[in-house]
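K.L.:
I need the structure of the sequence given here:
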Amino acid sequence: MKIAHDFHMHTSLSLCAEKTANVKEYVESAKKAGFEKLGFANHFWDAAIPGANDFYVPQHYDHVESMKPEIEEAKKSGLTLYFGCECEYDPYRHGVACTPEVAEKFEFMIVPNSHTHMMMPKDYYHPYEKHAEFMVNAYEEILNSEVAKYITGMAHPFEAVACPYDRAILIGLIKEDVFKRLFTLQAEKGIAFEINLSCLDQKKPEEFAASDRFKMFRLAKDCGCQFIFGTDIHSSAKYAAGVADAAMKGANLVAEMLGLREEDIIEIAKCAITHLRTIPVILSKAKNPFSKLGERILRPPTQPAGRVVASG
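P.N.:
The predicted structure follows:
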């Protein structure tokens, strides 16, 4: 099986992306790297939902929709392109910052439980267990939200963005039975687990296979979750400068390591070349394919004062 999609791409419409990030350059680079499907998911908060902070207020539907003509023009390349969003978790309403009426307008939607730099009070960073518990509660509330049926995938699950310490610590603190409960519910809801390639930095394959992160991926698979892959790229220039090629190699290595089959990929992300076999990887001799994937282009805004935490 071969992975040939990237469903987590930001253009300049995301306020934290590079101002030159554009669909045309992404598509050109992706086509050279061998991708067949791309999903553009700019940051989004529905204007009908109260509580948006200064970062999200301007990132409403009319704003993100303005990229549609650019997507339509780029479809001439022959790649399959999708208009989506990365919609925020809403701790005020204990759900997702989007109404069903607006959710219907997107071709796909990914939602993070891990933008804790914005959605979580800073005093939840310590003890670590409190931070992990916040993400567990957020994950469950997203899965049970009124727009759950519109959610394609969970974005960078449990990968606390802009964490002041090693975020991998948090994954290791969450008990296996908690992950199983969440991932079983996720599989029942038909929501994919995103393998976010920007999180796979500085790990050789054999080290990655022994990590808590990989164990989490395997638990998701064992619980019946389907998968979707994304780079979380915020710069089309860096995509062209090597990230696209590294993403293709990294995604297929992870898929090989997990033993993913065609039925393990969510329907929207399946490609015509999905059935092709990849070359088996000898982990102990493989070079680090993740080296160009770890640098997040995200420049996170500071958390506004007075944010509230979702209760369990």
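K.L.:
show me where pLDDT drops low in the stretch 101-250 of the chain?
P.N.:
Filtered on pLDDT under 70, the stretch 101-250 of the chain yields the residue ranges 201-203.
K.L.:
Show me where it has its strands.
P.N.:
Counting by DSSP state E, counting those that start in this stretch, the stretch 101-250 of the chain has strands at residues 108-112, 153-155, 192-196, 227-230.
K.L.:
How far away from the center of its chain is the third one?
P.N.:
Meaning strand 192-196. Computed by CA atoms, centre = their mean, to the nearest Å, the chain-centroid distance of strand 192-196 equals 6 Å.
K.L.:
you'd agree residue 56 is up against residue 97?
P.N.:
Yes - counting by CB atoms under 8 Å, residue 97 is a contact partner of residue 56 at 7.4 Å. Every C-beta, even on glycine, is put in place using the N, C-alpha and C of the backbone.
K.L.:
out of those two, which sits in the busier spot?
P.N.:
Neighbour count, other CB atoms under 10 Å: between residue 56 and residue 97, residue 97 has more, with 26 against 22.
K.L.:
List the contacts of that one.
P.N.:
Taking CB atoms under 8 Å, 6 or more residues apart in numbering, we find residue 97 in contact with 44, 45, 46, 49, 51, 52, 56, 87, 88, 89, 90.
K.L.:
In ChimeraX, select just the buried ones from the residues you listed.
P.N.:
Only the buried entries of the contacts of residue 97 go into this ChimeraX selection, using 16 or more other CB atoms under 10 Å:
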select :44,45,46,49,52,56,87,88,89,90
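K.L.:
List the beta-bridge partners for the most centrally placed residue in the chain.
P.N.:
Nearest to the geometric centre of the chain sits residue 155, at 3.0 Å (CA atoms, centre = their mean). Listed by DSSP bridges, the beta-bridge partners for residue 155 are residue 112.
K.L.:
if I look at it, how far off is residue 40?
P.N.:
Distance, residue 155 to residue 40, by CB to CB, to the nearest Å: 13 Å.
K.L.:
picking up where we left off before, so which of the contacts of residue 97 would you say is closest to residue 169?
P.N.:
Using CB to CB, residue 89 comes nearest to residue 169 of the contacts of residue 97, at 20.8 Å.
K.L.:
what about the closest residue to that closest one other than its chain neighbours, distance to residue 232?
P.N.:
In this structure, residue 89 finds its nearest non-sequential neighbour in residue 138, 5.1 Å apart by CB to CB, 6 or more residues apart in numbering. Between residue 138 and residue 232 the distance is 18 Å, computed by CB to CB.
K.L.:
about what we covered before: which of the strands of the stretch 101-250 of the chain sits most buried?
P.N.:
Highest mean neighbour count of those: strand 153-155, a mean of 29 (counted as mean count of other CB atoms under 10 Å).
K.L.:
what comes into contact with that strand?
P.N.:
Against strand 153-155 from outside (CB under 8 Å, 6+ apart): 7-8, 41, 86, 108, 110-114, 139, 142, 186, 191-194, 196, 228, 230, 232, 266.
K.L.:
same deal with stretch 265-274?
P.N.:
For stretch 265-274, using CB under 8 Å, 6+ apart, the contacting residues are 1-5, 7, 36-37, 39, 82, 107-108, 152-153, 192, 226-229, 262.
K.L.:
who touches both of residue 56 and residue 97?
P.N.:
44, 45, 88.
K.L.:
can you tell me how far the second one sits from residue 138?
P.N.:
Shown here: residue 45 relative to residue 138, a distance of 15 Å by CB to CB.
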